[in-house]
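Asker: Could you work out the structure for the sequence below:
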Amino acid sequence: MGGGPFLFEHEKRKRFKLQLSMHHDPIMFDWQKLAEIKELKEYFEADFEGFKKRIEEHIQSLQKIDADELDKLALLRVLEVTNGCTQWGFRRQDEQCLSVEQTRECMRQVIGFIQNKQIDLPSGEQIHFAPSIEVLIDESRELFQDAFKKNITDREEEYYAYSTAQFLIHGRHRLQAAMARVEQEFESLFTPYYIQKGRNYIAPYFEAMPAES
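Answerer: Residues are numbered from 1 along each chain as shown. Below is the predicted model:
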(Lines give C-alpha, C1' and ligand atoms only; values in the text may rest on other atoms or scores of the structure.)
Protein backbone atom coordinates (compact mmCIF):
# COMPACT_ATOMS: atom_id res chain seq x y z
CA MET A 1 0.00 0.00 0.00
CA GLY A 2 1.42 3.43 -0.99
CA GLY A 3 1.29 6.74 0.78
CA GLY A 4 4.09 6.38 3.30
CA PRO A 5 4.45 9.14 5.91
CA PHE A 6 1.82 11.30 4.21
CA LEU A 7 -0.86 8.62 4.60
CA PHE A 8 0.14 8.07 8.21
CA GLU A 9 -0.18 11.79 9.01
CA HIS A 10 -3.49 11.97 7.15
CA GLU A 11 -4.96 9.09 9.13
CA LYS A 12 -3.60 10.51 12.36
CA ARG A 13 -5.20 13.90 11.68
CA LYS A 14 -8.48 12.30 10.63
CA ARG A 15 -8.93 10.83 14.10
CA PHE A 16 -8.53 14.28 15.68
CA LYS A 17 -7.62 12.86 19.05
CA LEU A 18 -5.74 14.43 21.92
CA GLN A 19 -3.90 12.47 24.57
CA LEU A 20 -3.67 14.17 27.95
CA SER A 21 -2.04 13.12 31.16
CA MET A 22 -4.47 13.30 34.06
CA HIS A 23 -3.59 11.52 37.27
CA HIS A 24 -0.99 9.70 35.13
CA ASP A 25 -3.69 8.06 33.01
CA PRO A 26 -3.88 8.99 29.30
CA ILE A 27 -7.27 10.27 28.16
CA MET A 28 -8.23 10.18 24.49
CA PHE A 29 -10.85 12.55 23.09
CA ASP A 30 -12.32 12.15 19.62
CA TRP A 31 -12.17 15.60 18.07
CA GLN A 32 -14.06 14.54 14.96
CA LYS A 33 -17.04 13.61 17.13
CA LEU A 34 -16.83 16.98 18.87
CA ALA A 35 -16.75 18.73 15.49
CA GLU A 36 -20.11 17.14 14.65
CA ILE A 37 -21.91 18.58 17.70
CA LYS A 38 -24.52 21.12 16.62
CA GLU A 39 -23.44 24.08 18.77
CA LEU A 40 -19.72 23.52 18.05
CA LYS A 41 -19.83 22.78 14.34
CA GLU A 42 -19.47 26.35 13.06
CA TYR A 43 -16.40 27.02 15.21
CA PHE A 44 -14.60 23.87 14.13
CA GLU A 45 -15.48 24.56 10.49
CA ALA A 46 -14.19 28.15 10.71
CA ASP A 47 -10.86 27.27 12.37
CA PHE A 48 -10.51 23.68 13.50
CA GLU A 49 -7.05 23.96 15.04
CA GLY A 50 -7.73 27.35 16.61
CA PHE A 51 -10.94 26.23 18.33
CA LYS A 52 -9.33 22.95 19.37
CA LYS A 53 -6.48 24.91 20.95
CA ARG A 54 -8.94 27.03 22.95
CA ILE A 55 -10.55 23.90 24.34
CA GLU A 56 -7.18 22.36 25.16
CA GLU A 57 -6.11 25.46 27.08
CA HIS A 58 -9.23 25.27 29.25
CA ILE A 59 -8.68 21.54 29.74
CA GLN A 60 -5.15 22.15 31.00
CA SER A 61 -6.51 24.57 33.59
CA LEU A 62 -9.54 22.54 34.67
CA GLN A 63 -7.65 19.28 35.13
CA LYS A 64 -5.80 20.87 38.07
CA ILE A 65 -9.02 21.07 40.09
CA ASP A 66 -9.54 18.65 42.99
CA ALA A 67 -11.87 15.73 42.22
CA ASP A 68 -14.35 16.67 44.97
CA GLU A 69 -14.69 20.17 43.55
CA LEU A 70 -15.16 18.74 40.06
CA ASP A 71 -18.01 16.60 41.40
CA LYS A 72 -19.73 19.75 42.67
CA LEU A 73 -19.02 21.69 39.49
CA ALA A 74 -20.50 18.86 37.43
CA LEU A 75 -23.70 19.09 39.43
CA LEU A 76 -23.84 22.84 38.86
CA ARG A 77 -23.15 22.37 35.14
CA VAL A 78 -25.99 19.86 34.76
CA LEU A 79 -28.31 22.27 36.59
CA GLU A 80 -27.25 25.05 34.21
CA VAL A 81 -27.85 22.88 31.15
CA THR A 82 -31.25 21.67 32.35
CA ASN A 83 -32.35 25.18 33.20
CA GLY A 84 -31.16 26.34 29.79
CA CYS A 85 -33.37 23.72 28.16
CA THR A 86 -36.42 25.02 30.04
CA GLN A 87 -35.65 28.61 29.04
CA TRP A 88 -35.17 27.81 25.35
CA GLY A 89 -38.29 25.67 25.38
CA PHE A 90 -40.33 28.56 26.73
CA ARG A 91 -38.88 31.07 24.25
CA ARG A 92 -39.74 28.75 21.35
CA GLN A 93 -43.10 27.96 22.95
CA ASP A 94 -42.48 24.25 22.55
CA GLU A 95 -45.49 22.02 23.07
CA GLN A 96 -44.02 20.73 26.34
CA CYS A 97 -42.78 24.11 27.60
CA LEU A 98 -43.35 25.04 31.22
CA SER A 99 -45.63 27.86 32.35
CA VAL A 100 -44.12 31.31 32.70
CA GLU A 101 -44.17 30.88 36.50
CA GLN A 102 -42.41 27.49 36.36
CA THR A 103 -39.85 28.78 33.87
CA ARG A 104 -39.06 31.77 36.09
CA GLU A 105 -38.72 29.51 39.12
CA CYS A 106 -36.20 27.31 37.32
CA MET A 107 -34.21 30.40 36.42
CA ARG A 108 -34.49 31.89 39.91
CA GLN A 109 -33.19 28.78 41.64
CA VAL A 110 -30.30 28.02 39.28
CA ILE A 111 -29.15 31.64 38.99
CA GLY A 112 -29.33 31.78 42.79
CA PHE A 113 -27.00 28.78 43.06
CA ILE A 114 -24.54 30.49 40.72
CA GLN A 115 -24.68 33.90 42.38
CA ASN A 116 -24.46 32.49 45.91
CA LYS A 117 -21.88 29.83 44.94
CA GLN A 118 -23.97 27.37 46.92
CA ILE A 119 -26.37 24.62 45.83
CA ASP A 120 -29.34 24.11 48.15
CA LEU A 121 -30.74 20.66 47.56
CA PRO A 122 -34.45 20.03 48.30
CA SER A 123 -33.37 17.11 50.52
CA GLY A 124 -31.73 19.64 52.85
CA GLU A 125 -28.06 19.33 51.93
CA GLN A 126 -26.08 22.46 51.13
CA ILE A 127 -23.18 22.17 48.72
CA HIS A 128 -20.40 24.75 49.09
CA PHE A 129 -17.38 25.43 46.90
CA ALA A 130 -13.75 26.17 47.72
CA PRO A 131 -12.79 29.88 47.45
CA SER A 132 -10.79 29.30 44.25
CA ILE A 133 -13.78 27.57 42.67
CA GLU A 134 -16.06 30.43 43.70
CA VAL A 135 -13.81 32.73 41.65
CA LEU A 136 -14.04 30.31 38.72
CA ILE A 137 -17.84 30.29 38.96
CA ASP A 138 -17.88 34.11 38.83
CA GLU A 139 -15.57 34.07 35.82
CA SER A 140 -17.79 31.52 34.07
CA ARG A 141 -20.89 33.63 34.74
CA GLU A 142 -19.13 36.73 33.39
CA LEU A 143 -18.15 34.82 30.23
CA PHE A 144 -21.75 33.69 29.74
CA GLN A 145 -23.05 37.25 30.14
CA ASP A 146 -20.42 38.63 27.77
CA ALA A 147 -21.39 36.03 25.18
CA PHE A 148 -25.18 36.01 25.40
CA LYS A 149 -26.24 39.20 27.18
CA LYS A 150 -23.68 41.76 26.00
CA ASN A 151 -23.00 40.03 22.67
CA ILE A 152 -19.28 40.81 22.82
CA THR A 153 -17.42 39.62 19.73
CA ASP A 154 -15.61 36.29 20.15
CA ARG A 155 -17.05 35.61 23.62
CA GLU A 156 -19.63 33.10 22.40
CA GLU A 157 -16.90 31.00 20.81
CA GLU A 158 -14.86 31.23 24.01
CA TYR A 159 -17.89 30.20 26.05
CA TYR A 160 -18.40 27.07 23.97
CA ALA A 161 -14.70 26.23 24.18
CA TYR A 162 -14.87 26.48 27.96
CA SER A 163 -18.15 24.56 28.14
CA THR A 164 -16.71 21.76 26.01
CA ALA A 165 -13.61 21.55 28.19
CA GLN A 166 -15.86 21.27 31.25
CA PHE A 167 -17.77 18.33 29.81
CA LEU A 168 -14.58 16.55 28.77
CA ILE A 169 -12.83 17.03 32.11
CA HIS A 170 -15.88 15.94 34.10
CA GLY A 171 -16.11 12.76 32.07
CA ARG A 172 -18.90 10.30 31.51
CA HIS A 173 -19.20 8.80 35.00
CA ARG A 174 -19.10 12.10 36.89
CA LEU A 175 -21.67 13.69 34.58
CA GLN A 176 -23.95 10.66 34.78
CA ALA A 177 -23.79 10.81 38.58
CA ALA A 178 -24.60 14.53 38.45
CA MET A 179 -27.53 13.94 36.10
CA ALA A 180 -28.89 11.26 38.41
CA ARG A 181 -28.61 13.65 41.37
CA VAL A 182 -30.41 16.41 39.48
CA GLU A 183 -33.20 13.99 38.58
CA GLN A 184 -33.46 12.81 42.17
CA GLU A 185 -33.50 16.28 43.70
CA PHE A 186 -35.02 18.56 41.06
CA GLU A 187 -37.41 16.49 38.94
CA SER A 188 -40.41 18.33 40.38
CA LEU A 189 -38.81 21.66 39.45
CA PHE A 190 -37.75 20.86 35.88
CA THR A 191 -40.23 18.03 35.12
CA PRO A 192 -39.15 14.66 33.67
CA TYR A 193 -39.38 16.08 30.14
CA TYR A 194 -36.71 18.74 30.71
CA ILE A 195 -34.58 16.46 32.85
CA GLN A 196 -34.38 14.27 29.74
CA LYS A 197 -33.78 17.31 27.53
CA GLY A 198 -30.76 18.16 29.67
CA ARG A 199 -29.46 14.61 29.31
CA ASN A 200 -29.97 14.79 25.55
CA TYR A 201 -27.96 18.00 25.33
CA ILE A 202 -24.96 16.46 27.11
CA ALA A 203 -25.16 13.04 25.41
CA PRO A 204 -23.24 13.96 22.20
CA TYR A 205 -20.20 14.90 24.29
CA PHE A 206 -20.10 11.33 25.62
CA GLU A 207 -19.47 10.18 22.06
CA ALA A 208 -16.13 12.02 22.14
CA MET A 209 -15.07 10.48 25.46
CA PRO A 210 -13.47 7.10 26.11
CA ALA A 211 -15.89 4.54 27.53
CA GLU A 212 -13.98 4.35 30.80
CA SER A 213 -13.95 8.12 31.45
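Asker: CA atoms for contacts and neighbours, from now on please.
Answerer: OK.
Asker: Please, where are all the strands along the protein?
Answerer: 17-22, 25-30, 118-120, 126-128 (DSSP state E).
Asker: Mean pLDDT lowest where, among the ones you listed?
Answerer: Across the strands of the chain, the stretch with the lowest average pLDDT is strand 17-22; it has a mean of 43.
Asker: Quick one: mean pLDDT over the longest helix seen in the chain.
Answerer: Ordering each helix of the chain by length in residues (DSSP state H) puts helix 155-206 first. For helix 155-206, mean pLDDT rounds to 98.
Asker: Which elements pack onto it?
Answerer: helix 31-35, helix 48-62, helix 67-92, helix 100-116, helix 131-148 (3 or more CA pairs under 8 Å, 6 or more residues apart in numbering; DSSP states H and E).
Asker: could you give the angle of that helix to helix 100-116?
Answerer: Angle, helix 155-206 to helix 100-116, by axes from the mean of the first three to the mean of the last three CA atoms, to 10 degrees: 100 degrees.
Asker: Surely residue 143 is in contact with residue 154?
Answerer: No: using CA atoms under 8 Å, residue 143 makes no contact with residue 154, being 10.5 Å away.
Asker: Please say which of these two ends up with more neighbours.
Answerer: Comparing residue 143 with residue 154 by neighbour count (other CA atoms under 10 Å), the higher total belongs to residue 143, at 20 against 10.
Asker: contacting residues for the closest residue to that one other than its chain neighbours?
Answerer: Nearest non-adjacent residue to residue 143, counting by CA to CA, 6 or more residues apart in numbering: residue 159, 6.2 Å away. Residue 159 is in contact with 143, 144, 147, counting by CA atoms under 8 Å, 6 or more residues apart in numbering.
Asker: Kindly provide the distance from the last one to residue 154.
Answerer: Spatial separation of residue 147 from residue 154 under the definition CA to CA, to the nearest Å is 8 Å.
Asker: Identify the contacts common to those two.
Answerer: Applying CA under 8 Å, 6+ apart, one finds that no residue jointly contacts residue 147 and residue 154.
Asker: next one: the longest helix of the chain to chain centre, how far?
Answerer: Averaging C-alpha positions (CA atoms, centre = their mean, to the nearest Å) puts helix 155-206 6 Å from its chain's average.
Asker: Hmm, residue 156 is touching residue 148, no?
Answerer: Yes: look at residue 156 against residue 148 with CA under 8 Å: they come within range, at 6.9 Å.
Asker: Name the residues of stretch 44-56 that are buried.
Answerer: 44, 48, 51, 52, 54, 55, 56 (16 or more other CA atoms under 10 Å).
Asker: wait, isn't the first one in contact with residue 55?
Answerer: Think residue 44. No: look at residue 44 against residue 55 with CA under 8 Å: they stay out of range, at 11.0 Å.
Asker: could you list every residue that touches residue 37?
Answerer: Per CA under 8 Å, 6+ apart, neighbours of residue 37: 204, 205.
Asker: where does it fall, phi/psi-wise?
Answerer: Taking degrees, to the nearest 10, you get phi -70, psi 130 for the backbone angles of residue 37.
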